[in-house]
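# What follows is a protein structure lacking sequence information:
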């Protein structure tokens, strides 16, 4: 096993859906087999958007633990914990805040996107969101994290964290690992309405604990090729959201057969969706079954154990910080 420590997690800001599963959770399951991993619920980060709706953060924490474990994340192998349970993170964050020029935080792609988008949620206009990269750097460094799985569009965030840790090491003659982006393919599953992003706030999602009936019902709503018109006309799989889902959930031979039939007008959109539904049921219904067997009490136990194991590491890192800073 590679000994470089990986830290990754998610902000508990709403219902868990298959966009999370495809884009993040499947990668978490694979990484725990190859690296020592820490998986955390970034609930402090979630507050920057939901400071007035903390009940959503609390409920989402349970849902995310259930979804992670049901999908195959093993809390006995990789600690699962709440960011807010690791007090050493906030201590290190204070040091990092004092070392970070405002211009570094201003380079954050998330902050730039917010500032340049007139339709962005104005609640994000707060220091918690602005200083997100600094707390992220503390999240990584406090567990001795080296690798952070991200898509190519998120590399800039890790570069900011790297600069912060590098400056800390230079100022205090410390040896915290400098984080690196662990580039991984992060598939983006479009919403069932054909939108670029699957989002609970939009209502274009498929959850990770659908029933057989509700799953097929939502599959039946997935947007198809507008230009086809009816079954008599050939379709274009490259212009169809259903076919994007097939690429993720159906075997290659099924995709080849369905796409060829679509182009030759020998299969209708309804039949195509039934085939997709069967593929998705095979992968998702076992996860939904496990999801629904996990109780909130079980989640509390997983998080308590994860925090205990994570803090065994973060206390050691903080002791090293105290030693080099003489604080």
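Sure, I can see it. None of the values given here were measured: they were computed from a predicted structure. Numbering: from 1, shown residues only.
# C-alpha from now on. contacts and neighbour counts both.
Noted.
# how about the residue nearest to residue 82 when sequence neighbours are not counted, phi and psi?
Distance criterion CA to CA, 6 or more residues apart in numbering; nearest residue to residue 82, sequence neighbours excluded, is residue 41 at 4.8 Å. Backbone geometry at residue 41, expressed as degrees, to the nearest 10, gives phi -90, psi 110.
# ok, residue 41 to residue 76 distance?
Applying CA to CA, to the nearest Å, the value for residue 41 to residue 76 is 16 Å.
# What are the boundaries of the strands in this structure?
6-10, 37-41, 80-82, 147-150, 180-183 (DSSP state E).
# Output these as CSV; include the columns mean pLDDT.
Converted to CSV, those look like this (pLDDT from 0 to 100):
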stretch, mean pLDDT
strand 6-10, 95
strand 37-41, 98
strand 80-82, 98
strand 147-150, 92
strand 180-183, 91
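# Single out the most deeply packed of these.
strand 80-82 (a mean of 26; mean count of other CA atoms under 10 Å).
# Can you pull out the residues in contact with it?
38-43, 65, 302-307, 310 (CA atoms under 8 Å, 6 or more residues apart in numbering).
# what's the pLDDT at residue 186?
Per-residue confidence (pLDDT) for residue 186: 66.
# ok, back up a step: just tell me which of the strands of the chain ends up closest to residue 314.
Smallest distance to residue 314 across the strands of the chain (CA to CA): 11.3 Å, for strand 37-41.
# name the helices or strands packed onto the closest one?
strand 6-10, strand 80-82 (3 or more CA pairs under 8 Å, 6 or more residues apart in numbering; DSSP states H and E).
# Can you check which of those gets nearest to residue 192?
strand 6-10 (22.1 Å).
# Next, the angle from the closest one to strand 37-41.
In terms of direction (axes from the mean of the first three to the mean of the last three CA atoms, to 10 degrees), strand 6-10 departs from strand 37-41 by 20 degrees.
# Can you pull out the residues in contact with strand 6-10?
Contacts to strand 6-10, defined as CA under 8 Å, 6+ apart, come from residues 28, 35-42, 140, 143, 145-149.
# Equivalent analysis for stretch 201-218, please.
Under the contact criterion CA under 8 Å, 6+ apart, stretch 201-218 has outside partners 15-19, 21, 67, 191-193, 198-199, 274, 277, 281, 284-285, 287-289, 291-292.
# ditto for stretch 253-270
220, 224, 230-237, 243, 246-247, 272.
# Would you mind checking the residues you listed for buried ones?
By neighbour count, with 16 or more other CA atoms under 10 Å, the contacts of stretch 253-270 hold 220, 224, 234-237, 243, 246, 272 as buried.
# Include distance to residue 94 when you put the residues you listed into JSON lines, please.
Shown next, in JSON lines, are these (distance: CA to CA, whole Å):
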{"residue": "220", "distance to residue 94": "50"}
{"residue": "224", "distance to residue 94": "50"}
{"residue": "234", "distance to residue 94": "61"}
{"residue": "235", "distance to residue 94": "57"}
{"residue": "236", "distance to residue 94": "54"}
{"residue": "237", "distance to residue 94": "51"}
{"residue": "243", "distance to residue 94": "48"}
{"residue": "246", "distance to residue 94": "47"}
{"residue": "272", "distance to residue 94": "54"}
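# which among the contacts of strand 80-82 gets closest to residue 112?
Closest approach between the contacts of strand 80-82 and residue 112, by CA to CA: residue 42, at 20.9 Å.
# what's the spacing between residue 311 and residue 34?
Plainly put, residue 311 is 22 Å away from residue 34 if you go by CA to CA.
# out of those two, which sits in the busier spot?
Per other CA atoms under 10 Å, whichever of residue 311 and residue 34 has more neighbours is residue 311, with 21 against 13.
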